[in-house]
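Colleague: need a 3D model of the sequence below.
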Amino acid sequence: MQIWKNGDATGVTPPNHFGGLNVLDIVPFAGNKFSVQVSKAPKGGGGEMHHHDHWSQVFYVVEGQLTFETGKEAFTLTKGQAVLFEPGDPHYTINNGEEESTTLVITVDEK
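Modeller: Predicted coordinates:
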């Protein structure tokens, strides 16, 4: 068993993310095949179009809303909704809402 108590820690803005988006590792990748992050995006915050070669990611919206673009479609998720991106799936995110968005991001290393 492992316990993490870093919920009050300060997160970071990862490379290729913008507009004040802040990501906090709740369960870091170190020593695991997965990670759990809390991502907070103020209005206009998000991440540039990218994909992951070996990672699957689930985005679960806890508060607010988050818009996703895949290059083929765009959709907005609200509180209680989720999306799964498999390795190689392109995705872009932006908070077009008026309030901060809080999203739980679970990443699994498929390698």
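Colleague: helices and strands around the helix or strand of the chain at the bottom of the mean pLDDT ranking, which ones?
Modeller: Taking mean pLDDT, DSSP states H and E as the measure, the chain has strand 22-27 as its least confident helix or strand, at a mean of 92. For strand 22-27, the packing partners by 3 or more C-beta pairs under 8 Å, 6 or more residues apart in numbering; DSSP states H and E come out as strand 34-41. Just so you know, the C-beta spots here come from the backbone N, C-alpha and C atoms, and that holds for glycine as well.
Colleague: off-centre distance for the strand it packs on?
Modeller: The chain centre lies 5 Å from the centre of strand 34-41; the measure is C-alpha atoms, centre = their mean, to the nearest Å.
Colleague: now do the strands in the protein.
Modeller: Assigned by DSSP state E, the chain shows strands spanning 17-18, 22-27, 34-41, 46-50, 55-63, 65-69, 74-78, 82-85, 91-94, 101-109.
Colleague: tilt between the third one and strand 101-109?
Modeller: It refers to strand 34-41. Relative orientation of strand 34-41 versus strand 101-109 (axes from the mean of the first three to the mean of the last three C-alpha atoms, to 10 degrees): 160 degrees.
Colleague: against residue 33, how distant is the closest residue in space to residue 111 that isn't next to it in sequence?
Modeller: With C-beta to C-beta, 6 or more residues apart in numbering as the criterion, residue 111 has its nearest non-adjacent residue at 4.0 Å, and that residue is residue 54. In this view, residue 54 and residue 33 are 10 Å apart by C-beta to C-beta, to the nearest Å.
Colleague: swap in residue 102?
Modeller: According to C-beta to C-beta, residue 102 stands 25 Å off from residue 33.
Colleague: which of the two has more neighbours?
Modeller: Higher neighbour count among residue 102 and residue 33: residue 102, with 17 against 10, using other C-beta atoms under 10 Å.
Colleague: wait, isn't the more buried one in contact with residue 39?
Modeller: Yes. Using C-beta atoms under 8 Å, residue 102 is in contact with residue 39, at 7.4 Å.
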